[in-house]
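**Q** quick one, what's the 3D model for this:
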Amino acid sequence: MYSTGHPLLEKLLQLTEEWPLQNDALQLNLTDHPIRIHSNSTELLAILEDYFTGLCARIPGNEPELPNSQTVCVYQTGVLHDDIQRTPWIDWQREPGKTGRKDAVCDTEFQNQPVRLLHKVKTGMLFLQPAPPKDESIASLKPMAFGPAENRSSQIINFILTQYLNHHLRHGWLLGHASAMQFDHKGVAFAGLSGGGKSTLMLHLLEHGQHFISNDRLLMKINPDGSLNMRGIPKQPRINPGTIVHNPRLHPLISEQERADFLAMPSESLRALEQKYDAPVHNLYHPECYQSEALMDALFILNWQAQSEQPTSVSEVDISERTDLLPAIMKTPGPFFAKDSNGFLPNGFQPDANDYNTLLKHCHVYEVTGNIDFDAAKQQVLERLSKIEK
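**A** Model prediction:
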């Protein structure tokens, strides 16, 4: 029996003894930071293995860990309603423009190691995120998830990939809210507020491009030679029906009847519909579609409006003079991030715009204005990219 002084933490640690892990594990081979996934659920491991096709392998659970690797444990359990109700949670502040309760946190510690518990309000999932240990030589807690994980695999995928983000953020990378791809051997990123069309535009261009790099979160870092590197997150694009119905490449994601029903909706209603679909690029485009990183040659910031009467236009900007565009790409690391053993980011933390301003001086930055017209934007983006010399 663990004694931590925190009832919910003690309960979660007790569950790790009551629910033995499977004998095999999943090795996720990510750039510079492999992640091993253990679970008591064979079904969940199969779901994750299918999702990360081409990036993972089943291995014996007792196989020695790779250098610079990390382990995540996921426990399939019921929702711990009573324990959740007895815990004093604090609602995590959402980003501007987003409303409703989503995450609630509770900070505690285990053997002097800061620990953050996170409750997914809508699904009942619980996550245990330890801060980096003060002493690497001492065994410490692993990141863990508890709850109906088999039915909430997207939240498990996000949690696993958050560990990858955290590692990079602790090693000098900056997090951007952007999609990214490689076109004509040039790294291209697209930023914009949520629902602004960055994933849709990226997928339209991927028809002519080489590799998908990232959908919603992008890591960026200046190389010693002054070039800008971008590294993606291997998460399949999650797209709305409005993106699917107008892109023939994506039509297999829904039935013909569903497409007809969506097309019958008013365009504004269709654009506002929150009904996400995973778009596995390795199936829709080509088996080697995903690429982990590339030099970042251009960033297109979508500052267009659905009701604008002006035509779609793309123009290059000096980001130091257009700092008003920076919020479109700025992204907070979120509640799971702890820079070091001193603890986690405070509620409401916002990144420093100056960090992004400094970084983006190392690539071409363009502003997309006017009406939302993906065909017009695609043609103008291709024209701009053709003028960038490599």
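
**Q** residue 333: neighbour count?
**A** Residue 333: 20 surrounding residues under other C-beta atoms under 10 Å. Just so you know, the C-beta spots here come from the backbone N, C-alpha and C atoms, and that holds for glycine as well.

**Q** show me the contact partners of stretch 326-333.
**A** Applying C-beta atoms under 8 Å, 6 or more residues apart in numbering, the external contacts of stretch 326-333 come out as 95, 165-166, 169, 175-178, 191-193, 196, 217, 299, 301-303, 319, 345, 349-351, 353, 356-357, 360.

**Q** I'd like to know which of the residues you listed are buried.
**A** Neighbour counting by 16 or more other C-beta atoms under 10 Å classes 165-166, 169, 175-178, 191-193, 196, 217, 299, 301-303, 319, 345, 351, 356, 360 among those as buried.

**Q** so which of those residues belong to helices?
**A** 165, 166, 169, 356, 360 (DSSP state H).

**Q** my guess is the third one contacts residue 176. True?
**A** No. With contact defined as C-beta atoms under 8 Å, residue 169 and residue 176 do not form a contacting pair (11.5 Å).

**Q** list residues touching both of the two?
**A** Contact criterion C-beta under 8 Å, 6+ apart; residues shared by residue 169 and residue 176: residue 219.

**Q** for the protein, which residues score under the pLDDT cut-off?
**A** Applying pLDDT under 70 to the chain picks out residues 1-4, 96-99, 136-139, 194-195.

**Q** domains of it?
**A** Domain assignment for the chain by automatic domain parsing gives 7-169, 174-237+279-386.

**Q** which one of these has the most crowded surroundings?
**A** domain 174-237+279-386 (a mean of 18; mean count of other C-beta atoms under 10 Å).

**Q** what is the end-to-end distance of that domain?
**A** Taking C-alpha to C-alpha, to the nearest Å, the first and last residues of domain 174-237+279-386 lie 27 Å apart.

**Q** just give me how far it sits from the chain centre.
**A** 13 Å (C-alpha atoms, centre = their mean, to the nearest Å).

**Q** where along the stretch 151-300 of the chain do the helices fall?
**A** In the stretch 151-300 of the chain, the helices defined using DSSP state H, counting those that start in this stretch lie at 153-169, 198-206, 241-245, 256-263, 267-272, 281-284.

**Q** make JSON lines out of those helices and add distance to residue 15.
**A** Listed next are the helices of the stretch 151-300 of the chain as JSON lines, based on distance: least, C-beta to C-beta, whole Å:
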{"stretch": "helix 153-169", "distance to residue 15": "16"}
{"stretch": "helix 198-206", "distance to residue 15": "37"}
{"stretch": "helix 241-245", "distance to residue 15": "38"}
{"stretch": "helix 256-263", "distance to residue 15": "40"}
{"stretch": "helix 267-272", "distance to residue 15": "40"}
{"stretch": "helix 281-284", "distance to residue 15": "35"}
